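Enquirer: heads up, no residue letters with this:
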Ligand SMILES: Cc1cc2nc3c(=O)[nH]c(=O)nc-3n(C[C@H](O)[C@H](O)[C@H](O)COP(=O)(O)O)c2cc1C
């Protein structure tokens, strides 16, 4: 028996196994309207038919200026609900649960998509909004990103309400899981990190101040997100810079998040400091998930350079994480989980319709 292919229940949702697709931007809303189209349906549903327990969408913006690029998915208006519901139903028909990562890009917004062949900020004529980028302060992430406007204290309750409105739309779209994106240097992470939050009001300063924006978002989302549905938060567990946000702060925050109704901490890292040196290697972030699970008594997800089935199995079997999230391995092979099950001796969840091929 493998542990990786055992079901896992979070609130009223039972995942058929411990494997999840990690959120990955595909910059594929060609009409720049944030609506899911055939690309998203095929891309996400094929990973569900590929045997995962949970498929998470790419970063999905809660307001237009919170997109990374003009081609990002969004849930800032009701017209985006029906197209996403179509994806949701397709993913569930494939046997996986469907989650949406709700995001605000903050000072990293209004970029060109990576293959646009253009550096720097997306111009207004290309669908960008270089003069309407916001952050915790008015400092830019790098020379290639926008000069943000510092959000005023009285704008932060509105931010929390925008996250909550997007979560309510996710529920209307029959989404099973919401993950709040508070990692990778985007808006909520940039409030958490002492490297990027140098505010002097109630949303800055000590850890209580720097975590306040995220906690208000969590409270607002949990208030509208059904009690039976799990809520995840993705954190950058380390900024990989000595004075930055670190694993100890992550464990402390995870304890608070668990008390406020968060069901799983998805442990990533990095993204706040342009100059941070991250030495990535297989399992390089698993230690964060392990500490959160053990020390904060909340479920955790491990992600980052996990590509081998035995590696994924060991992470779960050794109690280091509750879920394993896969990114690039699933871009290379949508059927990764089916192949992994076969190699680990579990019954691969092949679609019944493919039974003739399997023998
Ligand atoms: C093309 C691409 C897009 C990504 N977009 C997102 C995103 O929208 N949200 C997020 O939290 N992480 C994003 N990530 C990070 C992945 O979710 C994952 O954490 C990272 O790729 C490490 O996992 P891996 O080694 O299995 O790829 C992205 C990664 C890639 C390669």
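Expert: Nice, thanks for sending it over. Since we're looking at a predicted model, the values are computed, not measured.
Enquirer: what residues does the protein have near the ligand?
Expert: Contact residues, the chain versus the ligand (C-beta under 6 Å from any ligand atom): 22-25, 58-59, 101, 181, 183-184, 234, 268, 303-306, 326-329. No exception for glycine: its C-beta is placed from N, CA and C like everyone else's.
Enquirer: now with 8 Å?
Expert: 22-26, 58-59, 68, 101, 103, 114, 179, 181, 183-184, 234, 266, 268, 280, 285, 303-307, 325-331 (C-beta under 8 Å from any ligand atom).
Enquirer: buried only: go through the residues you listed for me.
Expert: Neighbour-count burial (16 or more other C-beta atoms under 10 Å) applied to the residues of the chain next to the ligand gives 22-26, 58-59, 68, 101, 103, 179, 181, 183-184, 234, 266, 268, 285, 303-307, 325-327, 329-330.
Enquirer: filter those down to just the ones in strands.
Expert: Among these, the members falling in strands (DSSP state E) are 58-59, 101, 103, 179, 181, 234, 266, 268, 303, 325-326.
Enquirer: what score does the residue in the chain that the ligand sits nearest to have for pLDDT?
Expert: Sorted by distance to the ligand under C-beta to the nearest ligand atom, the residues of the chain start with residue 327, at 2.5 Å. Per-residue confidence (pLDDT) for residue 327: 98.
Enquirer: and it, what does it touch?
Expert: 21-22, 24, 303-304 (C-beta atoms under 8 Å, 6 or more residues apart in numbering).
Enquirer: farthest-apart pair in the residues you listed, please.
Expert: 21 and 304 (14.0 Å; C-beta to C-beta).
Enquirer: contacting residues around stretch 103-123?
Expert: With C-beta under 8 Å, 6+ apart, stretch 103-123 has contacts from 27, 59-63, 65-72, 126, 128-130, 132-136, 139-141, 144-146, 148, 159, 162-163, 181, 185-188, 190.
Enquirer: what are the buried residues along that stretch?
Expert: Quick answer for stretch 103-123 (16+ other C-beta under 10 Å): 103-113, 121-122.
Enquirer: let's see which of these end up in strands.
Expert: Of the buried residues of stretch 103-123, the ones assigned to strands by DSSP E are residue 103.
Enquirer: now do the helices in the stretch 101-250 of the chain.
Expert: Assigned by DSSP state H, counting those that start in this stretch, the stretch 101-250 of the chain shows helices spanning 156-172, 187-192, 207-224, 247-259.
Enquirer: got the contact list for the longest one?
Expert: The reference is to helix 207-224. Outside helix 207-224, the residues within contact range by C-beta under 8 Å, 6+ apart are 102, 136, 156-157, 159-161, 163-165, 167-168, 171, 178, 180, 182, 188, 191-194, 197, 199, 201-204, 231, 233, 249, 252-253, 256-257, 260-262.
Enquirer: touching, residue 341 and residue 335? I think so.
Expert: No. Using C-beta atoms under 8 Å, residue 341 is not in contact with residue 335; the gap is 10.1 Å.
Enquirer: what residues are shared contacts of those two?
Expert: Contacts common to residue 341 and residue 335, judged by C-beta under 8 Å, 6+ apart, are residue 51.
Enquirer: re the thing from before, which of the contacts of stretch 103-123 are buried?
Expert: Among the contacts of stretch 103-123, those buried by neighbour count (16+ other C-beta under 10 Å) are 27, 59-63, 65-72, 126, 128-130, 133-136, 140-141, 145-146, 148, 159, 162-163, 181, 185-188, 190.
Enquirer: what pLDDT is listed against the residue nearest to residue 182 when sequence neighbours are not counted?
Expert: Residue nearest to residue 182 in three dimensions, not counting chain neighbours: residue 188, with 3.8 Å by C-beta to C-beta, 6 or more residues apart in numbering. The confidence metric pLDDT takes the value 98 at residue 188.
Enquirer: now residue 359
Expert: In this model, residue 359 is scored at 62, pLDDT.
Enquirer: quick one on the thing from earlier: out of the buried residues of stretch 103-123, the closest to residue 17 would be?
Expert: Closest to residue 17 out of the buried residues of stretch 103-123 is residue 103 (25.7 Å), distances taken as C-beta to C-beta.
Enquirer: bridge partners for that closest one, pull those for me.
Expert: residue 61 (DSSP bridges).
Enquirer: could you report the separation of it from residue 268?
Expert: Computed as C-beta to C-beta, to the nearest Å, the residue 103 to residue 268 distance reads 13 Å.
Enquirer: does the residue nearest to residue 86 when sequence neighbours are not counted sit in a helix, a strand or a coil?
Expert: Nearest non-adjacent residue to residue 86, counting by C-beta to C-beta, 6+ apart: residue 41, 6.2 Å away. Classification of residue 41 using DSSP: H, G, I helix; E, B strand; the rest coil returns helix.
Enquirer: residue 41 and residue 14, how far apart?
Expert: 24 Å.
Enquirer: so which of the two has more stuff around it?
Expert: Remark: of residue 41 and residue 14, residue 41 carries more neighbours, 18 against 11, as counted by other C-beta atoms under 10 Å.
Enquirer: so that one sits against residue 88, correct?
Expert: No. Counting by C-beta under 8 Å, residue 41 does not reach residue 88; the two are 9.7 Å apart.
Enquirer: residue 207 - how many residues pack around it?
Expert: Residues near residue 207, counting by other C-beta under 10 Å, number 14.
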